[in-house]
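**Student:** Here is my input; please provide its structure:
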Amino acid sequence: MFVMGPASEGGATPGAHPARDGRDRCDGIAQLADLLHGRRVLALTGAGISTESGIPDYRSPESQARARPPITYQAFTQSPTVRQRYWARSVVGWPSMRSRAPNAGHGAVARLEAAGRLSALITQNVDGLHHAAGSQNVVELHGALREVRCLGCGVRSPREVLQERLLALNAAFDEVAVMAPDGDAELAPEQIDGFRIADCEGCGGLLKPDVVFFGENVPPPRVDQTWRMLDAAEILLVLGSSLTVRSGYRLIEAAIQQRKPVAIVNDGETRADPVATVRVSGRLGAVLSTLEAHLSARHPS
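**Tutor:** Now for the predicted structure:
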């Protein structure tokens with residue numbers, strides 16, 4: 001069953017009926033609560049759950065208008081120029097990223113877990129907001145920007161420590177920029193020229209944000225943990241992901257193979273819409289807060 005709300009947050013589409021769309025969404029949330037009630041639920045979250053915290057996603061019109069080829073692991077490790085560009089943009093983007101706070105959607109997910117209505121959480125996001133909201137059983141599938149890893153000795157260190165080192169090396173670097181997804185920022189080439197990067201203080205190796213770049217594999221232990229979570233679940237609940245990235249969509253394929261229902265909450269179309277048992281469209285904060293209320297009414301804590 002598919003239950004669709006408004007096609008975008010900018011208003012109703014031509015020919016749409018706001019009142020009916022609102023009723024359809026309420027009915028969809030009620031049906032979603034019926035599906036989830038009393039079952040082991042695994043949630044998979046994407047960028048759409050963090051946009052209400054002010055973090056840009058990759059699919060919005062604004063992001064697509066500024067779209068550029070994503071940085072690859074191979075380019076980052078092989079090209080000093082690519083590393084210079086990455087860290088220059090990151091040193092501008094990081095303060096904005098670290099200042100973001102969990103929103104209503106993150107809070108609802110954490111409370112659903114605490115109440116036993118959500119058994120585990122896999123996130124494709126690297127912003128750390130699920131942990132900040134209090135979620136416990138979390139796998140950060142693509143890593144987290146809050147840490148940096150040395151590609152030489154493997155030592156991990158806080159991103160904040162590297163920020164201080166980069167600012168010390170580039171004392172006059174104080175740029176204002178347009179923010180981009182994942183702690184990135186838009187800078188002109190002349191703003192990057194001369195930027196000095198920092199290497200590992202222990203071994204002199206290359207430092208990389210502890211996130212999975214394009215062309216890089218998710219670490220096998222992390223992949224194994226996600227499969228164990230799916231095996232233990234009865235339902236896969238997708239929250240705020242278009243499922244374009246293969247690492248997320250293969251969980252959908254596995255759930256279907258295991259004959260487990262897939263439920264989707266997203267403000268826009270997703271790759272898995274044709275296989276969804278229940279599909280609710282809307283902003284994640286409002287939908288999840290309402291879902292939490294529905295589930296509490298069925299089985300108070």
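**Student:** and Gln74, that's in a strand?
**Tutor:** No: Gln74: not assigned to a strand; according to DSSP: H, G, I helix; E, B strand; the rest coil it is helix.
**Student:** Setting the sequence-adjacent residues aside, check what's closest to it.
**Tutor:** Spatial nearest neighbour of Gln74, excluding adjacent residues (C-beta to C-beta, 6 or more residues apart in numbering): Gly215 at 5.3 Å. C-beta: built from backbone N, CA, C; applies to glycine.
**Student:** Adjacent strands (with direction) for the helix or strand hosting Leu236?
**Tutor:** Per DSSP states H and E: Leu236 is located in strand 235-239. On the basis of DSSP bridges, the sheet neighbours of strand 235-239 come out as strand 41-45 (parallel), strand 262-266 (parallel).
**Student:** Just put the ones you listed in a markdown table and tack on distance to His130 and mean neighbour count.
**Tutor:** Listed next are the strands paired with strand 235-239 as a markdown table, based on distance: least, C-beta to C-beta, whole Å; neighbours: other C-beta atoms under 10 Å:
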| stretch | distance to His130 | mean neighbour count |
| --- | --- | --- |
| strand 41-45 | 7 | 27 |
| strand 262-266 | 15 | 26 |
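**Student:** Adding distance to Ala232 and mean pLDDT, write the ones you listed out as CSV.
**Tutor:** Shown next, in CSV, are those (distance: least, C-beta to C-beta, whole Å; pLDDT from 0 to 100):
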stretch, distance to Ala232, mean pLDDT
strand 41-45, 8, 98
strand 262-266, 16, 98
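**Student:** who wins for proximity to Asp127 among these?
**Tutor:** Across the strands paired with strand 235-239, Asp127 has its closest neighbour in strand 41-45 (10.5 Å, C-beta to C-beta).
**Student:** ok, residues contacting the closest one?
**Tutor:** Under the contact criterion C-beta atoms under 8 Å, 6 or more residues apart in numbering, strand 41-45 has outside partners 109, 112, 117-125, 130, 229-230, 232-241, 248, 251.
**Student:** residues near Gly46, how many?
**Tutor:** 25 (other C-beta atoms under 10 Å).
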